[in-house]
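A.B. asks: take this sequence and fold it.
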Amino acid sequence: GDSWGIFTFLCAALCNLPALPALNCSEELGAGQSIQQTYDLTRYLEHQLRTLAGTYLNYLGPPFNEPDFNPPRLARAERVPSATVDLDLWRGLTDNARLAANYRAYSRLLCYLRVLDGQVGTAELRHRLAHFCASLQGLVLSIGGVMSSLGYPLPAGPAGPPAPPGAPAAPNDFLKKMDDFWLLKELQIWLWRSAKDFNRLKKKVPPAVVTLRLEARGF
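C.D. replies: Numbering: from 1, shown residues only. Coordinates of the predicted model:
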């Protein structure tokens, strides 16, 4: 019938075409996608740290695991990168400066955490610390990817060792635990602020663009 005739005509037309343009849809993964992934990883680390910090503070024991424990920061803890910066001053920095500060801070914090991992006495806590270190290493690489996608250079030089040569160890167990407490505290603040940084940044950078390309392919 008519349907068969139409089908035969279409087949003949297709077979006699020398070439058909093939439609190729591809997604260009740019800065927007990289920023979104880094934001998601930061929020995941925030959640992960809440569980890890609770377990680790219980391992340290009282008074470190008490909810209202809020000691002054000692001079020894100044080796740990501090997130305590005036909010207006922080927001007044360029995107490049904030990204570089995040990159340096997490690189340094990661060094401290790896030392911490080697000192913990329980296998379960070592496993949790190792998992968190792997995630934090991923965040450092992800921030580097964001900087590269935006055309910013990475901060010069790798992160140094956790303590400079000749730096004295904690003179007693309580001060050693205080160092660990402040390490977790600063990590918590850095992640909270970084999540806000990347949330603002992703609103400034357009999302990934879907492009259509025509490619001539012969039969």
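
A.B. asks: next SSE after the helix or strand where Leu116 lies?
C.D. replies: In the assignment (DSSP states H and E), Leu116 maps to helix 95-117. Heading C-terminal from helix 95-117, the first helix or strand you meet, by DSSP H and E, is helix 123-149.

A.B. asks: which strands and helices sit next to that following helix?
C.D. replies: Contacts defined by 3 or more Cβ pairs under 8 Å, 6 or more residues apart in numbering; DSSP states H and E place helix 123-149 against helix 31-60, helix 95-117. For the C-beta atoms, the positions are set from N, CA and C on the backbone; glycine is no exception.

A.B. asks: now do the buried residues in the last one.
C.D. replies: Okay, so that is helix 95-117. 95, 98-113, 116-117 (16 or more other Cβ atoms under 10 Å).

A.B. asks: swap in stretch 191-201?
C.D. replies: Quick answer for stretch 191-201 (16+ other Cβ under 10 Å): Leu191, Arg193, Ser194, Ala195, Asp197, Phe198, Leu201.

A.B. asks: try stretch 129-143
C.D. replies: Leu129, Phe132, Cys133, Leu136, Leu139, Val140, Ser142, Ile143.

A.B. asks: check the average confidence over the helix holding Leu116, would you?
C.D. replies: The average pLDDT for helix 95-117 rounds to 91.

A.B. asks: which residues sit against it?
C.D. replies: 80-81, 83, 90, 93, 126, 129-130, 132-133, 136-137, 139-140, 143-144, 146-147, 150, 152, 154-155, 158-162, 180, 183, 186-187, 190, 194, 197, 201, 204 (Cβ atoms under 8 Å, 6 or more residues apart in numbering).
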